[in-house]
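# My questions concern the predicted model and sequence given below.
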Amino acid sequence: MKKGTFKSYEDLPLMLSVPEMAAVLGISRAGAYELARSEGFPALRIGTRIVIPKDKLQEWVNKQTEKI
């Protein structure tokens with residue numbers, strides 16, 4: 001996936017793949033997979049794929065930044 005594919009939140013697909021989430025958050029793919037498997041992170045497993053609903057990702061980020 002090319003970095004900078006999405007210009008705004010509205011451009012994001014309803015469900016993000018882990019590599020897309022990595023690009024959005026600006027982290028490595030390995031870090032994104034580790035995050036997606038962590039407890040409390042809003043990832044869904046559909047068959048062998050891991051997807052993240054964009055609205056739940058935004059809620060998770062908001063909760064994490066409240067702790068700062």
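That came in fine, so what should we check first?

# okay, CA-based contacts and neighbour counts for the rest of this
OK.

# Check which helix or strand the residue nearest the centre of the chain maps to.
The residue lying closest to the centre of the chain (Cα atoms, centre = their mean) is Met21, at 3.4 Å. Under the criterion of DSSP states H and E, Met21 resides in helix 18-25.

# can you pull the buried residues of that helix?
Buried residues in helix 18-25, counted by 16 or more other Cα atoms under 10 Å: 18-24.

# can you give me the helices for this protein?
Assigned by DSSP state H, the chain shows helices spanning 18-25, 29-36, 54-66.

# Now render those helices as TSV, adding distance to Leu44 and mean pLDDT.
Formatted as TSV, these follow (distance: least, Cα to Cα, whole Å; pLDDT from 0 to 100):
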stretch	distance to Leu44	mean pLDDT
helix 18-25	11	96
helix 29-36	9	98
helix 54-66	11	96
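
# Quick one: neighbours of Ser17, just the number.
19 (other Cα atoms under 10 Å).

# Identify the residue nearest it in space, chain neighbours excluded?
Distances taken as Cα to Cα, 6 or more residues apart in numbering place Val51 nearest to Ser17, at 4.9 Å, with adjacent residues excluded.

# what's the one you found in contact with, if anything?
15-18, 43-45 (Cα atoms under 8 Å, 6 or more residues apart in numbering).

# Throw these into CSV and include distance to Lys56, thanks.
Converted to CSV, those look like this (distance: Cα to Cα, whole Å):
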residue, distance to Lys56
Met15, 10
Leu16, 11
Ser17, 13
Val18, 14
Ala43, 9
Leu44, 11
Arg45, 14
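
# Bridged to the residue nearest to Ser17, which residues?
Beta-bridge pairing of Val51 under DSSP bridges involves Ser17, Leu44.

# Against Arg29, how distant is it?
13 Å (Cα to Cα, to the nearest Å).

# Could you give the separation of the helix holding Met21 from the chain centroid?
5 Å (Cα atoms, centre = their mean, to the nearest Å).
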